[in-house]
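Asks: The following block contains a protein sequence and its predicted model.
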Amino acid sequence: MLKSKTFLKKTRAGGVMKIVREHYLRDDIGCGAPGCAACGGAHEGPALEPQPQDPASSLCPQPHYLLPDTNVLLHQIVSAWRLGTWASVASSLRLPGSLETYVEQEQGENANDRNDRAIRVAAKWYNEHLKKMSADNHLQVIFITNDRKNKEKAVEEGIPAFTCEEYVKSLTANPELIDRLACLSEEVNEIESGKIIFSEHLPLSKLQQGIKSGTYLQGTFRASRENYLEATVWIHGDNEENKEIILQGLKHLNRAVHEDIVAVELLPKSQWVAPSSVVLQDEGQNEEDVEKEEERERMLKSVVSEKMLKPTGRLVGIIKRNWRPYCGMLSKSDIKESRRHLFTPADKRIPRIRIETRQASTLEGRRIIVAIDGWPRNSRYPNGHFVRNLGDVGEKETETEVLLLEHDVPHQPFSQAVLSFLPKMPWSITEKDMKNREDLRHLCICSVDPPGCTDIDDALHCRELENGNLEVGVHIADVSHFIRPGNALDQESARRGTTVYLCEKRIDMVPELLSSNLCSLKCDVDRLAFSCIWEMNHNAEILKTKFTKSVINSKASLTYAEAQLRIDSANMNDDITTSLRGLNKLAKILKKRRIEKGALTLSSPEVRFHMDSETHDPIDLQTKELRETNSMVEEFMLLANISVAKKIHEEFSEHALLRKHPAPPPSNYEILVKAARSRNLEIKTDTAKSLAESLDRAESPTFPYLNTLLRILATRCMMQAVYFCSGMDNDFHHYGLASPIYTHFTSPIRRYADVIVHRLLAVAVGADCTYPELTDKHKLADICKNLNFRHKMAQYAQRASVAFHTQLFFKSKGIVSEEAYILFVRKNAIVVLIPKYGLEGTVFFEEKDKPNPRLIYDDEIPSLKIEDTVFHVFDKVKVKIMLDSSNLQHQKIRMSLVEPQIPGISIPTDTSNTDLNGPEKKKIKLGK
């Protein structure tokens, strides 16, 4: 024992408590070097390499271990060394709490200096200790620190010490590692110009005081995709008044990056602005040329009515950086032999990053990953360093990797630890599996899914009972039988949260053995299920509900089209077809009743690609066709989800995992109401029912597609549906479905939320036992938070995949002209939808190096007048679609106006059939 302290403490009850603190040092911690006789078998855990692989360092040619200080580890977390050289050192080197290496803080010495001294003592002890191993042992411990004073003291004490940069530069066999060094602090790395662009960030202590007093507001910084000079801050807490604050202009954005937690100061009302309607993208001007930015900022300011003004603020400090490695491309400097280049991220919400690299020629035209290190006050862009080369731009594998990384989709192969919890094959149902389970293999059950579906979650049946009523069953794969709480398989499924469907591949939430085999309700095999069975009358009114774990044997795996053919065929009257007809009839009644209650029928254009079987490139692009059978399956899934939600909330009022859809604030509907008014239609938005009825009435005999456009626009007004724990919220209502309570039960193969709901339901019906985390509302709330994030990212990844495959399609198709409808008008552009392809795009009317046309924008109508032609929302236009490859980083579908004809704006219809500025143009242009 080193020492003990005794002191007295007064308790709340007024008594006195004696507290004794004893400080012990260990003498049983080994050095970690294999074969060390002095330590014997004291070492546990990972060992150091017996002979470290020589990294060919010109500074230290002998074999050596590295001892990095804490700051080096934190700043250089993306490892520039091989794993054996230092990762093992970090975990295995002798702890400062051991007998020989412990140091006490001296009088007048601060904690930081004490820690520096402790590391030096450990390094010195190691060097002396390793010499004792054998006479011919030349092993050394090299101390790595970026702290100048600490290094000087180490050298004085005879410890070999180098900065991180010195050591990496000495690795002559791997010169590329220099590019991966993180930049040092912002002060050290300020660029030479010295001109201050941004104001200083306030220290955290002042920010916390200001937030407490109400001077500053804390929130999440959300950069704009359309305008790099504008962002919003979503304020944390229950303050409804200023929930969303606009920041406009470089200086007010003050070096924040998308998703940072920031502190903002609200500006006086006289300085409030309206959200800008200008589409502005960083066009890659000289990184120090701020005058152009100020000119562009003036473009954002326009005269607007007072009611359009929104709370506006300026950023005063960063509470928490949420930086991550970013995918993108190098924009090579025009200066020959320059090592300093700009990196342009794939995500337009992220600013460009200044990096130093000697591999610019190799990395040009490739997707790379870069990490941000800091953002000095006198730099237009943040500093960063190169991390990894992903591959050539435009290659399918590379682009898929980029979109998965950018949307934080976990996509690594399942680890052996996870796979070890899978059932051993061949698998069959045992007597133990049949416990608390009903045998329903005699029922005529079938599944109805999209073509090519292998992860079949759900199956249905319908039959007439002897009493004349109908029995309807929804049977869901019993995934929770295979995924037991807390094991590695469960933890990995919880982390992934959802299966992600891309155009060509599926990133499974659970291993394929479960998703496509043992849990998939394929036909003619016995499968474990969780069944929700109703007794209904012929008017689809529920008389009884039963939940049971079961064994089923599906009699048919049908596609939507095959099921529809059976229902419509006059010659087919077998059990499966009779069951489908019964289900379809009831589904129509259920849907009618749901819509009468105020459920919304919205629309969003979904596309399906037809792939070439050899090259896997898209050869056709069509909007998805929806049949009656799609609606039939949907109605029974909704009904099962609602029935299960009621049951689990009844049993676990505080711990039910539910799903809600908040009602949108009235301001969300402004664009829809104005667009309808421009067509002399009235849309009421006070309740979901009045909105649904307004949309049903909004028909135009001369313009049949108008109703679909209004529903697409209404979808854009909606809030995101979210998972939540019933004990942490009072509002359960699902706005879109007009249901007072809702959850997800029907897709446990592809959604982890459903696995939790299955577990809750199993406990509620006595089919399984509970476990502590299941009834901990704070743990459930954390699960919900992750699930909401994963679902949102999966949606974005799916959209990005569709966008990439659309580019591939038009690359091979060339330039085409199609009819389109205007969805939105902006100050300098129109956003159009092409029904044939379900494709959305922007037609710009201001182009670089071209005279600007006369534009008059009216936000009230809304409309955009270009020269003498006026465009309103829902106007029909003709556009030319082409692939714009002028910017390799953001290859995109570019649209130009063909009709109506506007001199100097519209493009003639006889443009050659090639993509615009194809890849043969080597120079990369950045911008629009």
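Replies: In hand now; what should we look at? Numbers count the residues shown, from 1 in each chain.
Asks: contacting residues for Asn537?
Replies: Asn469, Leu470, Leu543 (CB atoms under 8 Å, 6 or more residues apart in numbering). C-beta: built from backbone N, CA, C; applies to glycine.
Asks: Give me the distance between the last one and Trp534.
Replies: With the distance defined as CB to CB, to the nearest Å, Leu543 ends up 8 Å from Trp534.
Asks: which residues sit in contact with Phe530?
Replies: 475-478, 480, 547-550, 745, 758, 761-762.
Asks: Can you redo the residues you listed as CSV, where the extra columns are pLDDT, secondary structure and distance to Ile119?
Replies: Output for these, formatted as CSV (pLDDT from 0 to 100; DSSP: H, G, I helix; E, B strand; the rest coil; distance: CB to CB, whole Å):
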residue, pLDDT, secondary structure, distance to Ile119
His475, 96, strand, 62
Ile476, 96, strand, 56
Ala477, 95, strand, 54
Asp478, 95, coil, 54
Ser480, 94, helix, 49
Phe547, 96, strand, 60
Thr548, 96, strand, 62
Lys549, 95, strand, 58
Ser550, 95, strand, 62
Phe745, 95, coil, 55
His758, 96, helix, 51
Leu761, 96, helix, 54
Ala762, 95, helix, 53
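Asks: Now tabulate the residues you listed in TSV and tack on distance to Lys206.
Replies: Listed next are these as TSV, based on distance: CB to CB, whole Å:
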residue	distance to Lys206
His475	60
Ile476	54
Ala477	54
Asp478	55
Ser480	50
Phe547	56
Thr548	61
Lys549	58
Ser550	62
Phe745	49
His758	49
Leu761	51
Ala762	52
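Asks: what residue ranges in the stretch 751-900 of the chain score low on pLDDT?
Replies: 848-849, 887-890 (pLDDT under 70).
Asks: Between Leu543 and Trp534, which has more neighbouring residues?
Replies: With neighbours defined as other CB atoms under 10 Å, Leu543 and Trp534 compare such that Trp534 has more, 23 against 11.
Asks: Can you give me every residue that contacts that one?
Replies: Taking CB under 8 Å, 6+ apart, one finds Glu471, Val472, Gly473, Ile542, Leu543, Lys544, Thr545, Lys546, Leu639, Ser643 in contact with Trp534.
Asks: Adding pLDDT, write those out as JSON lines.
Replies: JSON lines is the format used below for the contacts of Trp534 (pLDDT from 0 to 100):
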{"residue": "Glu471", "pLDDT": "96"}
{"residue": "Val472", "pLDDT": "96"}
{"residue": "Gly473", "pLDDT": "96"}
{"residue": "Ile542", "pLDDT": "94"}
{"residue": "Leu543", "pLDDT": "95"}
{"residue": "Lys544", "pLDDT": "94"}
{"residue": "Thr545", "pLDDT": "95"}
{"residue": "Lys546", "pLDDT": "95"}
{"residue": "Leu639", "pLDDT": "95"}
{"residue": "Ser643", "pLDDT": "96"}
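Asks: List only those of those residues flagged as buried.
Replies: With burial judged by 16 or more other CB atoms under 10 Å, the buried subset of the contacts of Trp534 is Glu471, Val472, Gly473, Thr545, Leu639, Ser643.
Asks: and which of the residues you listed is nearest to Thr770?
Replies: Within those, proximity to Thr770 (CB to CB) peaks at Ser643, which comes in at 20.9 Å.
Asks: Spit out the contact partners of the closest one.
Replies: Residues in contact with Ser643 (CB under 8 Å, 6+ apart) are Cys532, Trp534, Ile542, Thr545.
Asks: What about the residue lying closest to Met425 once chain neighbours are set aside, how many residues nearby?
Replies: Sequence neighbours aside, Leu513 is the residue nearest to Met425 in space, at 7.5 Å (criterion: CB to CB, 6 or more residues apart in numbering). Counted with other CB under 10 Å, the neighbours of Leu513 add up to 16.
Asks: Report all helices and strands that the one helix or strand Arg367 maps to contacts.
Replies: Using DSSP states H and E, Arg367 sits in strand 366-374. Contacting strand 366-374 under the criterion 3 or more CB pairs under 8 Å, 6 or more residues apart in numbering; DSSP states H and E are the following elements: strand 326-331, strand 340-345, strand 353-356, strand 383-392, helix 396-406.
Asks: Kindly spell out which helices and strands sit in contact with the helix or strand just after the last one.
Replies: By that I understand helix 396-406. Later in the chain than helix 396-406, the nearest helix or strand by DSSP H and E is helix 416-419. Contacts defined by 3+ CB pairs under 8 Å, 6+ apart place helix 416-419 against helix 488-496.
Asks: Can you give me the buried ones in the helix it packs on?
Replies: Buried, per 16+ other CB under 10 Å, within helix 488-496: Leu489, Asp490, Glu492, Ser493, Ala494, Arg496.
Asks: same check, this time on stretch 21-29
Replies: For stretch 21-29, by 16+ other CB under 10 Å, it's Leu25, Ile29.
Asks: Now do it: distance from first to last residue.
Replies: 22 Å (CA to CA, to the nearest Å).
Asks: State the mean pLDDT of that stretch.
Replies: Average pLDDT, stretch 21-29: 77.
Asks: Ok, stretch 228-244 next?
Replies: 80.
Asks: ok, of the buried residues of helix 488-496, which one's closest to Lys206?
Replies: Nearest to Lys206 among these: Ala494, at 38.6 Å, using CB to CB.
Asks: Let me know how buried the nearest residue in space to that closest one that is not next to it in sequence is, in neighbour terms.
Replies: Excluding the flanking residues, the one nearest Ala494 by CB to CB, 6+ apart is Tyr752, at 5.4 Å. Neighbour count for Tyr752, taken as other CB under 10 Å: 29.
Asks: ok, Tyr752 - contacts?
Replies: Ser493, Ala494, Arg496, Gly497, Thr498, Met509, Ile783, Leu787.
Asks: hmm, try it at 10 Å
Replies: 479, 483, 490, 492-499, 509-510, 657, 723, 744, 783, 786-787, 790-791 (CB atoms under 10 Å, 6 or more residues apart in numbering).
Asks: ok, now Pro345?
Replies: Counted by CB under 10 Å, 6+ apart, Pro345 has contacts 257-258, 326-329, 351-353, 369-370, 372, 384, 406, 889.
Asks: so the spatially closest residue to Lys151 that is not a sequence neighbour bridges to which residues?
Replies: Closest residue to Lys151 apart from its sequence neighbours, by CB to CB, 6+ apart: Ala161 at 4.8 Å. Note on Ala161: beta-bridge partners by DSSP bridges are Phe143.
Asks: Could you count how many residues lie near Ala161?
Replies: Each residue near Ala161 was counted by other CB under 10 Å, and the total is 24.
Asks: Strands of the stretch 51-200 of the chain, residue ranges please.
Replies: In the stretch 51-200 of the chain, strands defined by DSSP state E, counting those that start in this stretch lie at 64-68, 140-144, 161-162, listed in chain order.
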